[in-house]
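> take a look and give me a structure for this.
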Amino acid sequence: MAEEQEWHEASNHVLCANNCGFFGSPTTLNLCSKCYKDHRLKEQHMSNAKLAVEKSLTPPQAPQQPPPPLETSSSSGTSVSLSVTTDLESGAVPPPPVAVEVVPIPKPQQRNRCGSCNRRVGLTGFTCKCGTTFCGTHRYPELHACSFDFKTIGKEAISKANPVIKAAKLNKI
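As a prediction, the model looks like this:
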């Protein structure tokens, strides 16, 4: 049957250039699909590394400094110093300096201790909705005087899930 359809075996089968045992093709640089993918990843990593090196070697651009003051001499022989900036030329007034308020960062609570009895809980700690970690004994809201308001959250959830539906009133005939 092969003689009837004149089937010729392709002669362009080339082993992978990495000698991995699979066949490669000229479109993938005579590499098999896996070796070609690895080759592309290496090229990509090399280009990323080259960009990072170039970026680190270029010095950062310094902000532009204002021009030095211009000196003019008057007829009396004294020199007058003039400083001209672009803000003053355009008539814009620079904004006043902003005060920065320093807020101390609160110390995070230890996640591996119970909030009530200070017992070590390790990986078995229970985090309550109030945000505190408790041991197995104090995990229930009643046992650790939880400050989270479960009632209002439940009421809001029920009201969202079950909206009030009223039919429009009909005019009597």
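> for the rest of this, base every contact and every neighbour count on C-alpha atoms.
Noted.
> quick check: mean pLDDT of the longest helix along the chain?
Counting residues, the longest helix found in the chain (DSSP state H) is helix 33-57. Mean pLDDT, helix 33-57: 87.
> and it, what's buried?
For helix 33-57, burial by neighbour count (16 or more other C-alpha atoms under 10 Å) applies to 35, 36.
> surely residue 143 is within a helix?
No. Membership of residue 143 in a helix is not supported by DSSP: H, G, I helix; E, B strand; the rest coil, which gives coil.
> excluding chain neighbours, what is closest to it?
Excluding the flanking residues, the one nearest residue 143 by C-alpha to C-alpha, 6 or more residues apart in numbering is residue 137, at 7.8 Å.
> give me the residues contacting the longest helix of the chain.
For helix 33-57, the surrounding residues in contact (C-alpha atoms under 8 Å, 6 or more residues apart in numbering) are 18, 24, 28, 29.
> re the thing from before, tally of neighbours for the residue nearest to residue 143?
12 (other C-alpha atoms under 10 Å).
> so it versus residue 111, what's the distance?
Applying C-alpha to C-alpha, to the nearest Å, the value for residue 137 to residue 111 is 16 Å.
> helices and strands of this protein: which one has the lowest mean pLDDT?
Ranked by mean pLDDT, DSSP states H and E, the weakest helix or strand in the chain is strand 79-82, scoring a mean of 46.
> hang on, the earlier thing: which pLDDT value goes with the residue nearest to residue 143?
At residue 137, the model reports a pLDDT of 90.
> use 729 as the first number for this chain going forward.
All right, first residue 729 from here; so that's residue 865.
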